[in-house]
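Colleague: Quick one, fold the following:
(one chain, ligands or ions: 1)
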Amino acid sequence: MLELKDITAGYDRRAPAVRGAHLTLRPGESLGLLGPSGCGKSTLARVAALLHRPDRGSVTLDGRTVTGFSHRAPRSLRTAIGVVFQQPRLSADPRLRLHDLIAEPLRATGRRAEVDARLAELAPKVGLVGDLLGRRPHEVSDGQLQRACLARALVLRPRWLVCDEMTAMLDASTTAALVGVVEEYRAEAGAGLLAVGHDPVLLERWCDRTTHWAEIVKD
Ligand code: ADP
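Modeller: Model (predicted):
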C-alpha cells in the first residue's frame, strides 16, 4: 500500500500548497489524480515519491512509515518508487548520454553488472533504437528524452510508479506509446501507479480509477 494521510506540504509553512490531502493506493492499482493547474498535484506527487518532506501528515509505503525524505529517504524505499516528471529537460542531466541517464540508478545502487542486459531489454521497449542511446539530451527531441526518463524510472523495477504529467508535452502517438510502456511494465511487475494530470480523457482511459483534487483535500 502507498498511503498518504493528512498531508500538508509546500514551500512556505504559512501558505502551504497542499492542505490535508489523503490518498491510498493498493498494490498493483492505478490511480489518476486530476486537478487544475497550480492546485498542488505536483507537490503531492513529490511527497508520494519521497522527494519532498511534508510539513504535516504521514506517508506509509508497503507497511513502513516514511521518516526521511529526499536524500534522507532509505535507499530500500527510494528505489521502490520510479518517478517521471512533465519536463524531461529539467529532470535529465544534460551531460549524460541517454545510455548513462538510464543506467545511472543501477550504477548508484552497485548493480553495474546488470547494466548491459537491462539496457538491451528496456531501450527497444521504450522505442530508443539505433544511435539514440549514444546521444546527449540536446541531441534528441522532448519525446525521445522522455522515453529515456521513463526507462530510467523503470530500470530498478520499482513496485510503485509516480507519473506527474508525464505526457503533457508530448504528441498523441508518443503519449500512447509511453502509456503503453507503463501498462506493459505494470502488467508484468504488478506495480502500482499514481498518474497525475489535468486531462480526464487520458487519465480515465489509462487508470483503474480517477479522483479529483477536491475529493482528496480537506479544504
Ligand atoms: P500543480 O502540479 O497542480 O500545477 P504545484 O504543486 O506545481 O501544482 O504547485 C502548487 C503551488 O505551489 C503553486 O502555487 C505553485 O506556484 C507553488 N510552487 C510549486 N513549486 C514551487 C517551488 N519550488 N517553490 C515555491 N512555490 C512553488
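
Colleague: Quick one: residues in contact with whichever strand or helix holds Leu23.
Modeller: Taking DSSP states H and E as the definition, Leu23 sits inside strand 18-25. Outside strand 18-25, the residues that touch it by CB atoms under 8 Å, 6 or more residues apart in numbering are 1-10, 31, 33, 40, 43-44, 47-48, 54, 57, 160, 192-194, 211, 216-219. For every residue, glycine as well, the C-beta is placed using N, CA and C.

Colleague: Spell out which parts of the protein neighbour the ligand.
Modeller: 10-11, 17, 35, 37-43 (CB under 6 Å from any ligand atom).

Colleague: Off-centre distance for the longest helix belonging to the chain?
Modeller: Under DSSP state H, the helix in the chain containing the largest number of residues is helix 172-189. What separates the centre of helix 172-189 from the centre of its chain is 13 Å, taken as CA atoms, centre = their mean, to the nearest Å.

Colleague: And stretch 51-63, by the same measure?
Modeller: Distance, centroid of stretch 51-63 to centroid of chain: 16 Å (CA atoms, centre = their mean).

Colleague: where along the protein do the strands fall?
Modeller: Counting by DSSP state E, the chain has strands at residues 2-9, 18-25, 30-34, 56-61, 64-65, 81-84, 160-164, 192-197, 209-212.

Colleague: which residues touch Asp93?
Modeller: By CB under 8 Å, 6+ apart, the contact set of Asp93 is 101, 137.

Colleague: What pLDDT does the model give it?
Modeller: As predicted, Asp93 sits at a pLDDT of 94.

Colleague: where in this structure is pLDDT low?
Modeller: Across the chain, the ranges flagged by pLDDT under 70 are 218-219.
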